[in-house]
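1. predicted coordinates and the sequence they were generated for:
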Amino acid sequence: MKSLNYTARVLSDGHISLPAEIKEAMGLAVNSVVKITLERDLRKEDAINAFGAWSERSEIEGGVEYVEDIRSGWDKRTKRIDNA
């Protein structure tokens, strides 16, 4: 069985996008039957929850500033996570 992994986004209507290069690589045509295994990527959500825990901690001096500093580079880190 030929297989290929890629990360997709669920669209507002519940569909999952399938890029043209994936269709070509898999030799898919209209009405092709494929087996799909879903796996939710929780790494990003877990990281967001962990950072939020620091922002409310008043006993940690500079806690809010620390969280803001971490979040300032979030885009770069999420790109690395998304491409892992």
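-> Structure's in. What do you need?
2. what about P19, distance to V64?
-> 40 Å (CB to CB, to the nearest Å). Where you see a C-beta, it was placed from the backbone N, CA and C, and this is true even at glycine.
3. I meant S72, not that one.
-> Between S72 and V64 the distance is 13 Å, computed by CB to CB.
4. check I16 too.
-> For I16, the distance to V64 - CB to CB - is 38 Å.
5. for K2, same thing?
-> Separation of K2 from V64 (CB to CB) stands at 51 Å.
6. more neighbours, these two?
-> V64 (13 against 6; other CB atoms under 10 Å).
7. so which strand or helix has R71?
-> Under the criterion of DSSP states H and E, R71 resides in helix 63-72.
8. and for I22?
-> helix 20-26.
9. chain center to that helix, what's the gap?
-> A distance of 21 Å separates the centroid of the chain from that of helix 20-26, by CA atoms, centre = their mean, to the nearest Å.
10. can you check stretch 26-42 too?
-> Stretch 26-42 sits 18 Å away from the centroid of its parent chain (CA atoms, centre = their mean).
11. and stretch 19-37, by the same measure?
-> Relative to where its chain is centred, stretch 19-37 has its mean C-alpha point 22 Å off (CA atoms, centre = their mean).
12. quick one: contacts for the residue of the chain positioned farthest from its centre?
-> Within the chain, the residue lying farthest from the chain centre (CA atoms, centre = their mean) is E59, at 32.3 Å. Listed by CB atoms under 8 Å, 6 or more residues apart in numbering, the contact set of E59 is empty.
13. in three-state terms, label it for me.
-> With DSSP: H, G, I helix; E, B strand; the rest coil as the basis, the three-state label of E59 is coil.
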